[in-house]
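Chemist: what follows is a predicted protein model with its sequence.
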Amino acid sequence: MWLLEIEDLSVSIGSKQVLKNFNLRISRGETHVLFGPNGTGKTTLLNVIAGIPRYVIDGGRIVFKGEDITHMSMDERARLGIGMAFQRPPAIRGLRLRDLIKIINPKADAMAILKKMDFEAFADRDVNRGFSGGEVKRSEMVQLLAQQPDFVMLDEPDSGVDLENIKLIGEAINTLTQKDQRPSQRTKSGVIITHFGHILDYMKADRAHVMLGGSIVCSGNPGEILEQIKKSGYEGCVGCTCPV
Amino acid sequence: MHVSGIEDKARKARDKKALYGTDVDLESYESEAKPQDIVANAEDLPNVVKKAAMDVGVKLDGESSGSFVQMDQTPVIAKSLYEGVEIMDMASALEKYDFLQDYWWKLVAPDADKYTAEVAAAPPAGYFIRAKKGMKTVFPVKSCLYLGSSNLNQRVHNVIIAEEGSELHVITGCTTPAHVQRGLHVGVSEFFIQKNAKVSFTMVHSWGKEVEVRPRTGITIAEGGSLSNNYILLKPVKTIQTFPTATLAGRGAVASFNTVIYATMGNIDVGSNVFLNAPETSAESISRVVCVGGEVIARGRMTGRVPGARAHLECVGLLLSDKGRIYSIPELDGQSRDLDMSHEAAVGRISEEELEYLMSRGLSSEEATSVIVRGFLDVEIKGLPDDLKQEIKNITQREDLKGAP
């Protein structure tokens, strides 16, 4: 049973086509990694799945939990179980992180979540206001832990994060994607964008894809693909023998 | 000024229009109201008054340094619960203390305009609050000016004196119950903050759709004294015009004005006017306006008259509807060398990025707007006890603040 199916999706911003006949399927319980150079459409893909306006869907569709969500509003998608950690989220002045957690999920144990991310000191700070790069990433994880989405999207959760905190973030991703449970019991899935793959040392991923020019050109085992990229760059992925 | 002198001036200014704001037809209001019963304790006040006060953040039977309530033209309670603070109704205070003549009409001129003239011609009502020398309170004095009769012209004249080294916090809720169709409130206030005294004055307005309001406030702050003045208006009103004027008269005096407005209708013309007349004085004025209807004129004026004075003005507005207007007027008047004065003004909209961010967490567009509006209005007020800070926060949190109607 697929949790997420993307079929022949073409997306443009203004006059520029970013995704071309894009296809991806993610099963329940699976976590996928997206590799690829800057400007290849990885962030756009996540934004389009999340439902951020400003993108034009030229064709294709996105199906989540069997429902066509291609033209659904962002908040409806979130309530259906899609969650996203933004790469550079905005600050919300006057909104305390502690209060946002309660708004996202009134039943959430805010202090326990903050403690898990070693973020208690930020409970009464305005969301993301004056946070460092690494703090922003932890703030995003805190919010997702409250939201408990069935499908989590993480846009470079390791950029700007020091080693100590990468471990914390990796653990949080494992919690969100139920990697602490037996494979047969996992129902939650995820997709993660990473440039250098540091985070993969601290989290479990099942499958990886390389994106180039708005399409997937290569798929396979995350460790092997990362090794390949480190060895011969993304050029080596073009025409490689990995099955897509 | 001699009493007859005040009356003389008032008589001559009877038809003098105010510089700002729409003109109010004073003749169309009644000045006589049925006298109200005096009560001994705040708990004995009519429930309708207690509830109305509560709605504007004034919990009359909660912990306080004392309370004052005026219903229509009758001060029904003026009671201190702390020996360091004296609270009286104005008429009794004038009778008891001759020294009050040195303060009465000294910061607001009786002939400033027809509204001050109106108050000067009326029998004295309002509060006299005095924080005695060196006495510091943490719990606020709670006051409520309750306009309970339709077509009434409620008049008050308040005097606050914070003596040397004292600390005083006052919260005043001005309110009308829903059944009052129409009314006018004219309030003259004179605050004397003496050497090294610290005062916070918080005013929450909740009037009706047909109520007009003309407060007239003068403040003087002596050496080392400080004022934190906070004004909150979240409910509909027909017209308000106020431009409190503070003079930083002694070395190192500090004034901070915070204004929070959520406008849905009416003509709201508010601001603050500060004269920095002594060395090392500083002033700050921050106003946040959310407008979904009506006209808001946000004024701020700072006049720097001595070297080294520092002043900052911030007028920021969110205009969320085509039916509204925000007119922001920050003014800086430098009259000396070595001043440090600045201002920042902006009128804009809610950032789409913030809206989308919250929607990605499952909030609807309306919920996200409301959260952003609340956050925008959550001014960080300095110099307030934590309880009072929390009460002010609660006021903005519980209101139903929407985006465009």
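Modeler: Structure received. Keep in mind it's a predicted model, so treat the numbers as computed, not measured.
Chemist: going by C-alpha atoms from here, please, whenever you check contacts or count neighbours.
Modeler: Fine.
Chemist: where do the strands sit along chain A?
Modeler: Using DSSP state E, the strands of chain A run over A:2-13, A:16-27, A:31-35, A:56-64, A:67-68, A:82-85, A:92-96, A:126-127, A:151-155, A:189-193, A:207-212, A:215-220.
Chemist: show me where chain B has its helices.
Modeler: B:3-12, B:47-55, B:90-96, B:114-121, B:352-359, B:365-377, B:386-398 (DSSP state H).
Chemist: by contact count, what packs against the third one?
Modeler: To tie it back to what came earlier, the one meant is helix B:90-96. Packing partners of helix B:90-96 (3 or more CA pairs under 8 Å, 6 or more residues apart in numbering or on different chains; DSSP states H and E): strand B:127-131, strand B:152-162.
Chemist: what is the mean pLDDT for the last one?
Modeler: So the one you mean is strand B:152-162. Strand B:152-162 shows a mean pLDDT of 97.
Chemist: between the strands of chain A, which gets nearest to chain B?
Modeler: In terms of CA to the nearest CA, the element of the strands of chain A nearest to chain B is strand A:92-96, at 3.6 Å.
Chemist: report the angle between that closest one and helix B:352-359.
Modeler: Between strand A:92-96 and helix B:352-359, the angle comes out at 30 degrees (axes from the mean of the first three to the mean of the last three CA atoms, to 10 degrees).
Chemist: wait, what's in contact with the closest residue to residue B:237 other than its chain neighbours?
Modeler: Using CA to CA, 6 or more residues apart in numbering or on different chains and skipping residues adjacent in sequence, the residue nearest residue B:237 is residue B:209, 4.6 Å away. Residue B:209 is in contact with B:181, B:182, B:236, B:237, B:238, B:266, counting by CA atoms under 8 Å, 6 or more residues apart in numbering or on different chains.
Chemist: strands - which of the residues you listed land there?
Modeler: Those of the contacts of residue B:209 lying in strands (DSSP E): none at all.
Chemist: buried among the residues you listed? Need that as a selection in PyMOL.
Modeler: Selection of buried members from these for PyMOL, criterion 16 or more other CA atoms under 10 Å in any protein chain shown:
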select buried, chain B and resi 182+236+237+238+266
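Chemist: sorry, back to before: can you list the helices and strands packed on helix B:90-96 in a markdown table and add mean neighbour count and distance to residue B:261?
Modeler: Rendered in a markdown table, the data for the helices and strands packed on helix B:90-96 read as follows (neighbours: other CA atoms under 10 Å in any protein chain shown; distance: least, CA to CA, whole Å):
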| stretch | mean neighbour count | distance to residue B:261 |
| --- | --- | --- |
| strand B:127-131 | 26 | 25 |
| strand B:152-162 | 25 | 23 |
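Chemist: got the contact list for stretch B:134-146?
Modeler: B:49, B:53, B:58-60, B:63-72, B:84-85, B:163-176, B:385, B:388.
Chemist: get me the contact residues on chain B for chain A.
Modeler: Proximity of chain B to chain A (CA under 8 Å from any CA of the partner chain) is limited to residues B:353-354, B:356-357, B:359-365, B:371-372, B:374-379.
Chemist: quick check on the residues you listed: which are buried?
Modeler: Buried, going by 16+ other CA under 10 Å: B:354, B:356-357, B:359-365, B:371-372, B:374-379, out of the residues of chain B next to chain A.
Chemist: and residue 175, what does it touch?
Modeler: Using chain A. Residue A:175 neighbours (CA under 8 Å, 6+ apart): none.
Chemist: can you look at chain B instead?
Modeler: Contact analysis of residue B:175 by CA under 8 Å, 6+ apart lists B:52, B:53, B:56, B:144, B:145, B:146, B:147, B:205, B:206, B:207.
Chemist: of those, which pair is most distant in space?
Modeler: B:56 and B:147 (13.4 Å; CA to CA).
Chemist: circling back to that earlier point, most packed of the strands of chain A?
Modeler: The highest mean neighbour count among the strands of chain A, using mean count of other CA atoms under 10 Å in any protein chain shown, belongs to strand A:82-85: a mean of 27.
Chemist: pLDDT of that strand, averaged?
Modeler: If you average the pLDDT values across strand A:82-85, you get 97.
Chemist: tell me which residues are up against it.
Modeler: By CA under 8 Å, 6+ apart, strand A:82-85 touches A:46, A:50, A:137, A:140-141, A:144, A:147-155, A:157, B:360-361.
Chemist: which intervals of chain A have sub-threshold pLDDT?
Modeler: A:239-244 (pLDDT under 70).
Chemist: near chain B, which residues of it show up?
Modeler: Residues of chain A found near chain B (CA under 8 Å from any CA) are A:50, A:52, A:74-79, A:83-84, A:89-95, A:104, A:143, A:147.
Chemist: out of those residues, which are buried?
Modeler: Burial by neighbour count, judged by 16+ other CA under 10 Å, picks out A:50, A:52, A:74-79, A:83-84, A:89-95, A:104, A:143, A:147 from the residues of chain A next to chain B.
Chemist: how about the closest residue to chain A within chain B: what's its closest non-neighbour residue?
Modeler: Closest contact between chain B and chain A, by CA to the nearest CA, is at residue B:375 (3.6 Å). Leaving aside its sequence neighbours, residue B:375 sits nearest to residue A:94 (CA to CA, 6+ apart; 3.6 Å).
Chemist: quick one: contacts for that neighbour?
Modeler: A:126, B:372, B:374, B:375, B:376, B:377, B:378, B:379.
Chemist: need those residues in a markdown table with distance to residue B:248, can you?
Modeler: As requested, the contacts of residue A:94 are exported to a markdown table (distance: CA to CA, whole Å):
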| residue | distance to residue B:248 |
| --- | --- |
| A:126 | 33 |
| B:372 | 35 |
| B:374 | 32 |
| B:375 | 31 |
| B:376 | 29 |
| B:377 | 27 |
| B:378 | 27 |
| B:379 | 23 |
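Chemist: between these, which sits nearest residue A:1?
Modeler: Nearest to residue A:1 among the contacts of residue A:94: residue B:372, at 38.9 Å, using CA to CA.
Chemist: kindly provide the distance from that closest one to residue A:92.
Modeler: 7 Å (CA to CA, to the nearest Å).
Chemist: which residues do these two both contact?
Modeler: Common contact partners of residue B:372 and residue A:92 (CA under 8 Å, 6+ apart): residue B:354.
Chemist: so which of the helices and strands packed on helix B:90-96 is nearest residue B:347?
Modeler: Across the helices and strands packed on helix B:90-96, the minimum distance to residue B:347, taken as CA to CA, is reached by strand B:152-162, at 34.4 Å.
Chemist: the closest one to helix B:114-121, inter-axis angle?
Modeler: Going by the same axes, to 10 degrees, strand B:152-162 makes 80 degrees with helix B:114-121.
Chemist: many thanks, have a good one.
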